[in-house]
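> starting from these lines, generate the structure:
(one chain, ligands or ions: 1)
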Amino acid sequence: MDLKVIYQNVVDGQASEVEDGVKAALAAGISAQEILNKCLIAAMDEVGQRYEEGDLFVPEMLIAARAMQAGLRLLKPHLINADVKAAGKVAIGTVKGDLHDIGKNLVAMMLEGAGFEVRDLGVDVSPASFVKAAQEGAELIGMSALLTTTMSNMEVTVQALKAAGVRDSVKVFIGGAPVTQEYANKIGADGFAADASSATRTARHLLGG
Ligand code: B1M
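You can find the predicted model right below:
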């Protein structure tokens, strides 16, 4: 089973070939985590790099993202452990102005796998929608941003939670390619995670688990 074929099909945006490859890899006993890291995530890194170099453009990036999501859908049941008990209520979304959702979806999936009850608020989520989720019982607010221009909406959301009087009733954690621990400290978030698996550790830690 050649994992490079799946990788290349993600780069080329061939969604049904990606599905066939992922199915075959799972049937051959390769772990979902390995397929995710070596094929799907690695391929999107190449796409991002080639976009930066002017070798690929937005439509190709979008088609590659769709191919990756097709593979992710098949991996999801293998990444989720149905037997774990509820670890807390999380509301997660990509901040206002930002439409990138692959990383956020992956974090949501891993949190579900770790037993959290996850409410996915989607993309382009306004500060008011995060506030509403906190008022409706979320214990943890997760924000994702992939653009340096939208990161500042994380800070705006933290301020909105304060203004609505719910900041102290939730923990806030953030992530996404341009986001750092320093930035989390600066805006007064409670936690930061660099990737989906450390996001579950951060979430557990923040809820005292
Ligand atoms: Co966009 N894009 N994009 N894009 N895109 C980037 C982010 C970019 C770095 C590409 C580049 O220039 N190299 C660049 C941002 C530059 C910057 O701000 N510094 C960029 C740009 C410029 C843009 C547009 C402005 C392009 C344009 O229109 N001119 C535009 C913006 C649209 C908008 O949002 N308003 C745009 C559009 C798009 C598409 C729609 C075509 C598509 C998104 C499709 C989708 O998401 N459904 C897209 C894609 C696919 C990318 C790249 C290639 C891949 C992103 C991705 O999915 N990575 C990206 C380049 C790159 O990152 N390599 C790029 C895979 C994913 C698993 O990783 O999202 O980093 P990531 O998530 C990780 C961690 O960051 C972390 O865990 C995840 C799993 O390990 N994480 C969290 C994420 N969220 C977290 C939350 C947490 C904790 C951890 O706690 C809550």
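> for the closest residue to residue 32 other than its chain neighbours, grab phi and psi.
For residue 32, ignoring the flanking residues on the chain, the nearest one in space by Cβ to Cβ, 6 or more residues apart in numbering is residue 78 at 3.6 Å. (Each C-beta comes from the backbone N, C-alpha and C, glycine too.) Note on residue 78: its backbone torsions stand at phi -80, psi -20 [degrees, to the nearest 10].
> do the same with residue 145
phi -150, psi 140.
> any idea how far the residue nearest to residue 32 is from the ligand?
16 Å (Cβ to the nearest ligand atom, to the nearest Å).
> tell me how many other residues crowd that residue.
Residue 78 is flanked by 15 other residues according to other Cβ atoms under 10 Å.
> if I pick it, what's in contact with it?
The contact partners of residue 78, taken as Cβ atoms under 8 Å, 6 or more residues apart in numbering, are 26, 31, 32.
> who's in contact with the second one?
Each residue near residue 31 by Cβ under 8 Å, 6+ apart is listed here: residue 78.
> what does the first one give?
Residue 26 makes contacts with 32, 35, 74, 75, 78, as judged by Cβ under 8 Å, 6+ apart.
> let's see if you can find the most crowded of those.
Top of those by neighbour count (other Cβ under 10 Å): residue 35, with 25 neighbours.
> measure that residue to the ligand for me?
With Cβ to the nearest ligand atom as the criterion, residue 35 and the ligand are 13 Å apart.
> what's the pLDDT at the residue nearest to that residue when sequence neighbours are not counted?
In this structure, residue 35 finds its nearest non-sequential neighbour in residue 25, 5.2 Å apart by Cβ to Cβ, 6+ apart. At residue 25, the pLDDT value in this model is 97.
> give me the secondary structure label for residue 25.
What DSSP: H, G, I helix; E, B strand; the rest coil gives for residue 25 is helix.
> nearest the geometric middle of the protein, what residue?
residue 104 (2.0 Å; Cα atoms, centre = their mean).
> element containing it, please.
helix 102-113 (DSSP states H and E).
> what of residue 119?
strand 117-125.
> which helices and strands does the helix or strand of the chain with the lowest mean pLDDT pack with?
None of the helices or strands of the chain scores lower by mean pLDDT, DSSP states H and E than helix 102-113, at a mean of 86. Applying 3 or more Cβ pairs under 8 Å, 6 or more residues apart in numbering; DSSP states H and E, one finds that helix 102-113 contacts helix 58-79, strand 89-95, strand 117-125, strand 140-144, helix 196-206.
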